[in-house]
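In: just the structure for this:
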Amino acid sequence: MYNTFNIMNMSSDKPNPPQITDVFALLGQPARLHIVLAIGLEKVCVCQLERLLGNRQAYISQQLMLLREAGLVETERVGRHIYYFVPDKRWLDLIQQAAMIQNVELPIFELPAIEDCEYKP
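Out: As a prediction, the model looks like this:
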């Protein structure tokens with residue numbers, strides 16, 4: 001059964017939750033999709049994503065902020081360090097199903113161990 005959108009319940013004083021089209025648009029950007037896939041199985045810090053994806057920390061942080069605002073990614077603070085994770089693994093299932101339908105192989109990421117990581121727990 002599909003959920004229907006009821007325009008009568010819209011209120012300008014309530015923030016609108018992300019719509020499914022917004023989520024697909026977010027995941028349609030390769031860097032954000034790769035971030036979700038990379039952190040799907042464990043909590044990671046930005047420096048691990050920086051090393052893994054080859055992007056600058058500022059760029060990765062910007063993508064994480066967008067994913068966080070949509071509810072696809074959450075954070076856990078340990079001391080002054082922040083770790084990112086996917087709270088609902090069904091997003092990973094959805095991505096996997098979409099890849100299977102399109103007969104596309106998803107990248108498999110192995111997070112690097114970083115000795116000099118300032119976010120190391």
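
In: look at the residue nearest the centre of the chain and tell me its secondary structure.
Out: Centroid-nearest residue in the chain, with CA atoms, centre = their mean: V36, separated by 3.8 Å. Three-state assignment for V36 (DSSP: H, G, I helix; E, B strand; the rest coil): helix.

In: separation between it and G79?
Out: 25 Å (CB to CB, to the nearest Å). Where you see a C-beta, it was placed from the backbone N, CA and C, and this is true even at glycine.

In: just Q96 next, same as before
Out: For Q96, the distance to G79 - CB to CB - is 34 Å.

In: what about those two, which has more around it?
Out: Q96 (13 against 7; other CB atoms under 10 Å).

In: and that one, that one's in a strand?
Out: No: using three-state DSSP, the assignment for Q96 is helix, not a strand.

In: I108 versus that one, what's the distance?
Out: 12 Å.

In: can you check I95 too?
Out: Counting by CB to CB - I95 and I108 are separated by 13 Å.

In: with neighbour numbers in mind, choose between these two.
Out: I95 (17 against 7).

In: which ones are touching the more buried one?
Out: L27, L33, V36, L37, L106 (CB atoms under 8 Å, 6 or more residues apart in numbering).

In: swap in I39?
Out: If you count contacts by CB under 8 Å, 6+ apart, I39 has them with L49, V73, Y84, F85, V86.

In: Throw the residues you listed into TSV and include pLDDT, thanks.
Out: Shown next, in TSV, are the contacts of I39 (pLDDT from 0 to 100):
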residue	pLDDT
L49	92
V73	96
Y84	96
F85	96
V86	96
